[in-house]
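Trainee: predicted structure and sequence below. I'll ask about it afterward.
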Amino acid sequence: MIQFKEIDRKNFWDVIDLKVAEEQKSFVASNLFSLAQAKAYPECICLAIYADEVLVGFTMYCIDEDDHEYWIYRLMIDEKFQGKGYGKAAMEKLIEHIKEDSERNVIYLSFEPENSLARSLYEKLGFEADGRIIDGEVVYRLVY
């Protein structure tokens, strides 16, 4: 069962130690960078992803300061836990959590065009391309 936990002094170093596979490193910022970014961008919410009580990944989302819409900025599953459905389950849980905000009805995310695994996952979850490319990344949206 997937659950989210705040990142605190008990799991901080373990979250930083999470790594994606070598061939995925160009697709996602490190968790250390993301945590630093969240310090400078306080609207960003960082969460550790657990499967039962085992730390398996990291996510970061926010209401973007520019367009005032929800964006999922990061989702990563540690290389040791990939291929087990944790990424999809974490995205489903995060989407449901964001949908609790009844004032909005769209979630955005972006990814490197070469990241076919991410594209496939996001499309299975109902995200569609919105036609934009920002900083070289394809923008997808989920309207609910």
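Mentor: Thanks, I have the structure now. Numbers count the residues shown, from 1 in each chain.
Trainee: which helices and strands does the longest strand seen in the chain pack with?
Mentor: Secondary structure assigned by DSSP state E gives strand 54-63 as the longest strand of the chain. The elements that strand 54-63 packs onto, with contact taken as 3 or more C-beta pairs under 8 Å, 6 or more residues apart in numbering; DSSP states H and E, are helix 12-17, helix 31-40, strand 45-51, strand 70-77, helix 86-99. C-beta coordinates here come from the backbone N, C-alpha and C atoms, glycine included.
Trainee: give me the contact list for the last one.
Mentor: So the one you mean is helix 86-99. Contacts with helix 86-99, where a contact means C-beta atoms under 8 Å, 6 or more residues apart in numbering, come from 2-4, 49, 51, 56-57, 59, 61, 70, 72, 75, 77, 104, 107, 121-122, 124-125, 142, 144.
Trainee: next secondary structure after the helix or strand of the chain with the lowest mean pLDDT?
Mentor: Ranked by mean pLDDT, DSSP states H and E, the weakest helix or strand in the chain is helix 116-124, scoring a mean of 95. The helix or strand immediately downstream of helix 116-124 is strand 128-134, counting by DSSP states H and E.
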